[in-house]
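Asks: Below are the sequence and a predicted model for it; my questions follow.
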Amino acid sequence: MKEQGSDRPIAVGMHTNVGIEYVEFTSPLKLLGKVENYMQEIINVMKSSLRDIAGLSLIKLEKHGKEAWLGMDPA
């Protein structure tokens with residue numbers, strides 16, 4: 001995804017290997033420089049996004065119960 005007026009892409013999420021789920025990053029990452037330089041930043045954003053989503057998911061579990069909760073967030 002590109003920001004208007006910007007020539008550099010911005011990573012905003014990730015698809016699973018099998019293409020069934022999409023996980024939106026909790027903070028978008030502008031991809032600057034060479035891929036070798038920003039790959040670790042992508043991994044860090046992936047980890048922090050999954051950590052944030054998991055924390056919020058626990059709140060949903062308490063609120064909605066296990067049956068409804070199972071389909072709310074990425075597996």
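Replies: Okay, I see it. Numbers count the residues shown, from 1 in each chain.

Asks: hang on, residue 52 packs against residue 23?
Replies: No: Residue 52 is beyond contact range of residue 23, at 10.6 Å (criterion: C-beta atoms under 8 Å). Just so you know, the C-beta spots here come from the backbone N, C-alpha and C atoms, and that holds for glycine as well.

Asks: okay, the two: which has more neighbours?
Replies: More neighbours surround residue 23 than the other of residue 52 and residue 23, with 16 against 13 (other C-beta atoms under 10 Å).

Asks: Which helix or strand contains that one?
Replies: Using DSSP states H and E, residue 23 falls within strand 22-30.

Asks: What strands line up against that strand, and which way round?
Replies: strand 10-15 (antiparallel) (DSSP bridges).

Asks: neighbouring contacts of the strand it pairs with?
Replies: The contact list for strand 10-15, computed with C-beta atoms under 8 Å, 6 or more residues apart in numbering, reads 1-3, 21-25, 28-31, 42, 45-46.

Asks: Grab the nearest non-local neighbour of the spatially most central residue of the chain.
Replies: Centroid check for the chain by C-alpha atoms, centre = their mean gives residue 25 as the closest residue, at 2.8 Å. Once flanking residues are discounted, residue 25 sits nearest to residue 49: 4.6 Å by C-beta to C-beta, 6 or more residues apart in numbering.
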